[in-house]
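Trainee: Next one to model:
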Amino acid sequence: MSAFWHPFAEMSKVQHAPFIIDRGEGIYVYDESGRKYLDAAASLWYMNIGYGRAEVIDAMAEQARKLPAFHSFIDYATRPPIDLADRIAAVAPVPGSKVFFGSGGSDAVDTAAKMARRYFNAIGQPERTVFISREWAYHGMHPYGTTLGGMEPNRAGYGGDMVADVVIVPFDDTEAVEKAIDHAGAERIAGIFVEPVIGAGGVRPVESGYFGKVGELVKSAGGLYISDEVITGFGRVGDWFAANKFGLQPDLVTFAKGVTCGYAPLGGVIASPEVAGPFFETPGLMFRHGYTYSGHTTACVAGLVVMEILEREGLLERAASLEEELYQALLPLEELPVVDHVRRGVGALAAIQLTVGEDETLPYRAAAACRDAGVLTRAVGGGGLQVSPPFIMTPEQVSEMATLFRQGLEGV
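Mentor: Numbers count the residues shown, from 1 in each chain. Purely as a prediction, here's the structure:
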């Protein structure tokens, strides 16, 4: 029995039988007995370039031997975070943006919320403290992210909201956003957090016009549009950011996962010139926020190499083409009694929606059965199974994945 406490786990069961992944190669991983599994979820949405990329590992090793890390507080810096920030800003939705680094997606969300509130305080509007979020949303598990999250099980058990002034509305209802603004008072709105495709909440896209309408409502109220692209950023939807794909100009963009594709922990916030401006132009004004590993040197080297691979190998375009391939390959699963429908995402995203009914254990049993069949997936909000494979997946491997899903689901 190990002392390791697994996240999101029923430890009374898990402690006795952890499922241990030993190694990875391409889109496949292997357990300690050597059995092979197709990773249909890219671990937790992030292994977009696949496992075993020596180019990334070698660059990280070279940097670690030279200087593994040094903090970036005040005026200290190392070269890789400066270079990576410039590289990210060059493909950001809004030209002239600035980049603030943390260690992951939860850091990014809390940073964005604090940055928004600090920005409004700096420009003389401290009353703007209210954030709007959406049902089924997942925004990480720091205090702000927990409260902004739209999946009730993740919010329960903490004695109420961990942060005040958060309003949650239906994920696809623009009128609800308008009503929330009216109810709170336009002068109090700090912003809205929007996942371009809801991820952990079930892989739920919305009509593209939704984003523009919501953005107009929030900006008319004086608030900020915050695009949470922890999952969708760095190619998952077929562009560097979903905001680019949908023609949006968000005030803040959160990112993590795909920026290093899991080779090192890294995340951050892209701030538009409007939001960053006061902090870069006003003497004495400071954003008193940051983390020990903000701009971690070796992690940023991983990010630079990952961005080079994504661009050089045309993997953003490959992610875009996977949208149709995944949907068509999985669609025949609707023949199975256990499958309600296959939900098409955007880019390399999809979900297999199960006929859950009153059986809340079905998604977990189905994910386990698929694992037994040789394909790794995960139960997501509302009774679905996650499909978010590495971008390097070939058409033949897409077919293989669908076959393995069928074998697993037929046994449920």
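Trainee: Quick check: closest non-adjacent residue to residue 356.
Mentor: Nearest-residue entry for residue 356: residue 383, 3.6 Å, with adjacent residues in sequence omitted and distances by Cβ to Cβ, 6 or more residues apart in numbering. C-beta: built from backbone N, CA, C; applies to glycine.
Trainee: Next: residue 407.
Mentor: residue 373 (4.2 Å).
Trainee: Now for that neighbour, how many residues are close by?
Mentor: For residue 373, the tally of surrounding residues (other Cβ atoms under 10 Å) stands at 18.
Trainee: State the phi and psi torsions of it.
Mentor: For residue 373, the backbone dihedrals are phi -80, psi -10 (criterion: degrees, to the nearest 10).
Trainee: ok, so what distance separates it from residue 40?
Mentor: As judged by Cβ to Cβ, to the nearest Å, residue 373 and residue 40 stand 11 Å apart.
Trainee: Can you check which residues contact both of those two?
Mentor: Residues within reach of residue 373 and of residue 40 at once, by Cβ atoms under 8 Å, 6 or more residues apart in numbering, are residue 405.
Trainee: Could you pull out the buried residues of stretch 370-386?
Mentor: 370-371, 373-386 (16 or more other Cβ atoms under 10 Å).
Trainee: Okay, domains of the protein per the record?
Mentor: 11-52+314-410, 57-312 (automatic domain parsing).
Trainee: quick one on the thing from earlier: what sits against the residue nearest to residue 356?
Mentor: 202, 340, 353, 354, 356, 360, 362, 363.
Trainee: among the residues you listed, which ones are buried?
Mentor: Buried among these (16+ other Cβ under 10 Å): 202, 340, 353, 354, 356, 362, 363.
Trainee: so residue 255 bridges to which residues?
Mentor: residue 268 (DSSP bridges).
Trainee: would you turn the domains of the chain into CSV with mean pLDDT and distance to residue 5?
Mentor: Below are those laid out as CSV (pLDDT from 0 to 100; distance: least, Cβ to Cβ, whole Å):
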stretch, mean pLDDT, distance to residue 5
domain 11-52+314-410, 97, 6
domain 57-312, 97, 14
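Trainee: Of these, flag the one that's most buried.
Mentor: Ranked by average neighbour count under the criterion mean count of other Cβ atoms under 10 Å, those are headed by domain 57-312 at a mean of 20.
Trainee: what's the spacing between that one and its chain's center?
Mentor: 10 Å (Cα atoms, centre = their mean, to the nearest Å).
Trainee: Can you get me the start-to-end distance on that domain?
Mentor: 17 Å (Cα to Cα, to the nearest Å).
Trainee: do stretch 231-247 as well
Mentor: First-to-last residue span, stretch 231-247, Cα to Cα: 18 Å.
Trainee: go on, stretch 47-56?
Mentor: One end of stretch 47-56 sits 12 Å from the other (Cα to Cα).
Trainee: Now do that stretch: everything it contacts.
Mentor: Under Cβ under 8 Å, 6+ apart, the answer for stretch 47-56 is 23-29, 39, 42, 234-236, 258, 261-263, 302, 305-306, 309-310, 313, 315, 319, 348, 390-392.
Trainee: Please flag which of those residues sit within strands.
Mentor: Those of these mapping onto strands are 23, 24, 25, 28, 29, 39, per DSSP state E.
Trainee: so, if you compare the residues you listed, which one comes nearest to residue 14?
Mentor: residue 29 (18.4 Å; Cβ to Cβ).
Trainee: mind checking how far that closest one is from residue 375?
Mentor: Residue 29 is 11 Å from residue 375, by Cβ to Cβ.
Trainee: So for the two, which residues contact both of them?
Mentor: residue 37.
Trainee: Now the element after the longest helix seen in the chain, going C-ward?
Mentor: The helix that spans the most residues within the chain, counting by DSSP state H, is helix 105-122. Next along the chain after helix 105-122, taking DSSP states H and E as the criterion, comes strand 130-134.
Trainee: other SSEs contacting that following strand?
Mentor: Contact partners of strand 130-134 among helices and strands, from 3 or more Cβ pairs under 8 Å, 6 or more residues apart in numbering; DSSP states H and E: strand 166-169, helix 174-184, strand 189-194.
Trainee: what angle sits between the very next helix or strand once past the last one and strand 189-194?
Mentor: Proceeding N to C from strand 189-194, the next assigned helix or strand is helix 209-220, under DSSP H and E. Angle of helix 209-220 versus strand 189-194, following axes from the mean of the first three to the mean of the last three Cα atoms, to 10 degrees, is 170 degrees.
Trainee: Partner strands of the helix or strand just after helix 209-220 and their direction?
Mentor: Sequence order places strand 224-228 as the next helix or strand after helix 209-220, per DSSP H and E. Applying DSSP bridges to the sheet, strand 224-228 is found paired with strand 189-194 (parallel), strand 252-255 (parallel).
Trainee: following strand 224-228, which helix or strand shows up next?
Mentor: helix 242-245.
Trainee: Point out the other helices and strands that that following helix packs with.
Mentor: Right, helix 242-245 is packed against no helix or strand by 3+ Cβ pairs under 8 Å, 6+ apart.
Trainee: quick one, which residue of this structure lies the farthest from its center?
Mentor: residue 283 (34.6 Å; Cα atoms, centre = their mean).
Trainee: Report the separation between that residue and residue 141.
Mentor: For residue 283 relative to residue 141 (Cβ to Cβ), the value is 37 Å.
Trainee: Residue 40 too?
Mentor: 24 Å.
Trainee: repeat for residue 380
Mentor: 16 Å.
Trainee: hey, what's the closest residue to residue 180 other than its chain neighbours bridged with?
Mentor: Counting by Cβ to Cβ, 6+ apart, residue 167 is the residue found nearest to residue 180 once chain neighbours are left out, at 4.8 Å. Beta bridges link residue 167 to residue 132 when assigned by DSSP bridges.
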